[in-house]
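J.: Pasted the sequence and its predicted model underneath.
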Amino acid sequence: MTNIIYNLFKQCHLGELSSDIIPVSGGLMHKMYKVQTARGSYAVKCLNPQIMKRPDVFENYARAEALEKILEENGLPIVPALAFDGKKMLESDGRYFYIFAWQEGHITDPENISKEQCFKAGEILGRIHALKSQNVDAAEPEVSNINFSDYLSPGDENLELLEYAQIKLNQARKMLPPMKAISNDDMDPKNIMWQNGEPHVIDLECLDYSNPIESCLNLALQWSGTVNQKFNKENLTAFFNGYLSAYDNGFRSYDELFGIAYTWLEWLEYNLKRAQGLEGMTEEEIQLGRTEAINTINRIKYLRSIEDEVRSVLEALPPPEAKNYKTHDDSLCYIDLTFEGGLDVIPHYELPEGFSFVNYKPGDKANWIDIELSAGEVLSLEHGQECWNRYYGSKEVELPDRMFFIEDKSGNKIATATAFYDIHTGDSPDNGQLHWVAIKKEAQGKGLSKPLITHTLEKMKALGYGKIKIHTQTNTWLACKIYNELGFQPAEESFNKQRFGWKMAGLLTGIDFRF
């Protein structure tokens, strides 16, 4: 390895080596060395050759490098790989390397992690997630289908535990709200160095996009001592406090997702393969695999033993503060919600002076899209067109009696709502739906919501509907308060399936939503 690194430094014009190459701790996957030249001190990471044989490995590293640049540009306290002729990953004699400026300091001591360190680690993760967090379309979750009987003997006492853990992991992944953010899911204690009390994040090769809820929970548990089986409640709270101070998507059902902690199963499978010579064939790799397999099984046993204790901390996290969010806020975790109720008694609210109701007339499609776009209900003109076509494109003849607008004194249409029905199941007296309630951004806060909604409800009653549903979502959380004040309650199916969202809406509005 000495000759390879010597040639690498010559290739990068970093100067002659001025002392021996010193192996240093580089984690459980790769090899790390300290190299001194006349120009300075460097850390050299030699990437695991078995890892470099995996499909798409170069694409994954290239993506991590691009994300590393984003973190660097946004002032995150990271130790980035150095670039040479525009390249960060370097090849020498068939091996692949990263070179870093040597970072003084010390790795987090896993036996003595402080609350202050946990807060700062959580804050860094929150800052990373805040960069490009977004709600995404739901997709089939990646579930774990490891057959541990392939690696352990039939009577092994751990098989039952591992099966339980895999079931809990998959259940949690299926419940995760679909979100995506830049994330450093490998930012555990061993990957932050400390110099004069300040953190420096190292080993960024795992940077990627992932679910911020899953990432936060996993790393919070690791920083709170679950890796070395010394769980500390105060450290878990401190990590979340730091995280939520930098980024808060409003989600608070972490306690129901404890199964995410069993992601260690995948690390266990990798090490069981290593122990059997299926991932790396050197004696060192095999022995490391055996050691890590034993450690990981013990870690999973420990996690199982502290489930209730961890949940009690996660249940007590501080609620999101409504003052930090707009009435339509896409930074909030998006979860669909459905209200339902009857139309026997509809309160009446007058429009403020200077505003009036008008019915749809041909040509109002552009006004509808304009309002929905301003309110943030659609993402673009094209998206607005798609939504119009999906809901109303073949039904425009019905709209003069069903779609309503509010006009200001200048005749500008600034709000809309529609008295409609479920487009998938068709029209019936118990199938009414209040559709696409929206108020232009500049007209919000002028007392138009309740008059608009109740006016449309009166029209629905006149059309013969007895019971209706209203679809909304967590990122228009204030609408939940309005619908509740008008007498609507969570629909049973929605409440059962989307309890995470109802909890969010309840915390933001101060309403105890129950079916």
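T.: Perfect, I can see it now.
J.: and S215, what is it in contact with?
T.: The contact partners of S215, taken as Cβ atoms under 8 Å, 6 or more residues apart in numbering, are 125, 129, 181, 183, 185. In short, each C-beta sits where N, CA and C put it, glycine included.
J.: which ones among those are found in helices?
T.: Among those, DSSP state H puts 125, 129 in helices.
J.: Tell me the one among the contacts of S215 nearest to G376.
T.: G376 lies nearest to A181 out of those, by Cβ to Cβ, at 19.5 Å.
J.: what are the bridge partners for the closest one, then?
T.: S210 (DSSP bridges).
J.: ok, back up a step: list just the nearest of the contacts of S215 to I4.
T.: D185 (29.9 Å).
J.: Got phi/psi on the closest one?
T.: Backbone torsions of D185, given as degrees, to the nearest 10, read phi -70, psi -10.
J.: mind checking pLDDT for it?
T.: pLDDT for D185: 96.
J.: check contacts around it.
T.: 206, 208, 210, 215, 218-219.
J.: Apply 6 Å and report the result again.
T.: 206, 210, 215 (Cβ atoms under 6 Å, 6 or more residues apart in numbering).
J.: returning to that earlier point: can the contacts of S215 go into JSON lines with extra columns for distance to E73?
T.: Below are the contacts of S215 laid out as JSON lines (distance: Cβ to Cβ, whole Å):
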{"residue": "L125", "distance to E73": "18"}
{"residue": "H129", "distance to E73": "16"}
{"residue": "A181", "distance to E73": "16"}
{"residue": "S183", "distance to E73": "17"}
{"residue": "D185", "distance to E73": "21"}
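J.: circling back to that earlier point, which one among the contacts of D185 sits at the bottom for pLDDT?
T.: Within the contacts of D185, lowest confidence goes to C206 (91).
J.: And for the biggest helix by length in the chain, what's in contact with it?
T.: Longest helix in the chain, counting residues (DSSP H): helix 283-305. By Cβ under 6 Å, 6+ apart, the surrounding residues in contact with helix 283-305 are 158, 165, 226, 229, 261, 264, 267-268, 271-272, 274-275, 277.
J.: Stretch 186-197 now?
T.: Identification of contacts with stretch 186-197 by Cβ under 6 Å, 6+ apart yields 103-108, 110, 199-203, 206, 219, 222.
J.: do stretch 60-80 as well
T.: Contacts of stretch 60-80 (Cβ under 6 Å, 6+ apart): 88-89, 100, 103, 182, 199-202, 204-205, 207.
J.: one step back: for the buried ones among the contacts of helix 283-305, write the corresponding PyMOL selection.
T.: Restricted to buried positions by 16 or more other Cβ atoms under 10 Å, the PyMOL selection for the contacts of helix 283-305 reads:
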select buried, resi 165+226+261+264+267+268+271+272+274+275
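J.: from the contacts of helix 283-305, which single one is nearest I371?
T.: The nearest one, if we look at the contacts of helix 283-305 relative to I371 and count by Cβ to Cβ, is A261, at 44.8 Å.
J.: what about the stretch 151-300 of the chain, any weak spots by pLDDT?
T.: Along the stretch 151-300 of the chain, segments meeting pLDDT under 70 span 280.
J.: show me where it has strands.
T.: Using DSSP state E, counting those that start in this stretch, the strands found in the stretch 151-300 of the chain span residues 179-183, 192-195, 198-201, 208-210.
J.: Ok, which of the ones you listed comes nearest F357?
T.: Counting by Cβ to Cβ, and looking across all of those, nearest comes strand 179-183 at 38.0 Å.
J.: can you count the residues close to L236?
T.: L236 has 25 neighbouring residues, counting by other Cβ atoms under 10 Å.
J.: How about it: what's its closest non-neighbour residue?
T.: Excluding the flanking residues, the one nearest L236 by Cβ to Cβ, 6 or more residues apart in numbering is S224, at 3.7 Å.
J.: Could I get the contacting residues of N249?
T.: Here N249 is in contact with 332-333 (Cβ under 6 Å, 6+ apart).
J.: give me that answer again for 10 Å
T.: Listed by Cβ atoms under 10 Å, 6 or more residues apart in numbering, the contact partners of N249 are 129-130, 133, 135, 177, 179, 181, 212-213, 216, 320, 325, 329-334, 474-475, 504.
J.: circling back: in TSV: the strands of the stretch 151-300 of the chain, plus mean neighbour count and distance to A238.
T.: Shown next, in TSV, are the strands of the stretch 151-300 of the chain (neighbours: other Cβ atoms under 10 Å; distance: least, Cβ to Cβ, whole Å):
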stretch	mean neighbour count	distance to A238
strand 179-183	21	20
strand 192-195	18	14
strand 198-201	18	14
strand 208-210	16	23
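J.: Quick one: closest of the ones you listed to F355.
T.: strand 179-183 (37.3 Å).
J.: Report the distance from that closest one to the chain centre.
T.: 5 Å (Cα atoms, centre = their mean, to the nearest Å).
J.: quick revisit: and which of the contacts of stretch 60-80 is nearest E256?
T.: Lowest distance from E256 to these (Cβ to Cβ) belongs to I182, with 25.2 Å.
J.: if I read this right, that closest one contacts S210, doesn't it?
T.: Yes - contact status for I182 versus S210: in contact at 8.6 Å, counting by Cβ atoms under 10 Å.
J.: burial of R290, as a residue count?
T.: For R290, using other Cβ under 10 Å, the count is 15.
J.: now do N112
T.: Neighbours around N112, by other Cβ under 10 Å: 7.
J.: what kind of secondary structure is it in?
T.: coil (DSSP: H, G, I helix; E, B strand; the rest coil).
J.: and it, backbone torsions?
T.: According to degrees, to the nearest 10, N112 has phi -140, psi 50.
J.: Return the residues in contact with it.
T.: Going by Cβ under 10 Å, 6+ apart, the list of residues near N112 is empty.
J.: Going along the chain, name the strands of the stretch 401-515 of the chain.
T.: 403-407, 413-421, 432-439, 467-473, 489-490.
J.: Look up how far E91 lies from I213.
T.: According to Cβ to Cβ, to the nearest Å, I213 and E91 sit 37 Å apart.
J.: who's more crowded, those two?
T.: Taking other Cβ under 10 Å, I213 and E91 do not tie; I213 has more neighbours (24 against 13).
J.: got the contact list for the nearest residue to that one once chain neighbours are set aside?
T.: Leaving aside its sequence neighbours, I213 sits nearest to F251 (Cβ to Cβ, 6+ apart; 5.6 Å). Going by Cβ under 10 Å, 6+ apart, F251 touches 176-177, 179, 212-213, 216, 257, 317, 320, 332-333, 335, 474, 500-501, 503-504, 507.
J.: quick one on the thing from earlier: what's the closest of the contacts of stretch 60-80 to L463?
T.: Nearest member of the contacts of stretch 60-80 to L463, counting by Cβ to Cβ, is I182, at 47.9 Å.
J.: Next one: that closest one from D137, what distance?
T.: For I182 relative to D137 (Cβ to Cβ), the value is 18 Å.
J.: How about E163?
T.: From E163 to D137 the distance is 31 Å (Cβ to Cβ).
J.: rewinding a little: might you report the residue contacts of the residue nearest to L236?
T.: 113, 118, 230-240, 306, 310, 313 are the contacts of S224 under Cβ under 10 Å, 6+ apart.
J.: Name only those of those that count as buried.
T.: 113, 118, 231-232, 235-240, 306, 310, 313.
J.: pLDDT score for the residue lying closest to Y164 once chain neighbours are set aside?
T.: Nearest residue to Y164, sequence neighbours excluded (Cβ to Cβ, 6+ apart): R304, at 7.3 Å. Predicted confidence (pLDDT) for R304: 97.
J.: just to revisit the earlier point, what sits in contact with each of I182 and S210?
T.: H129.
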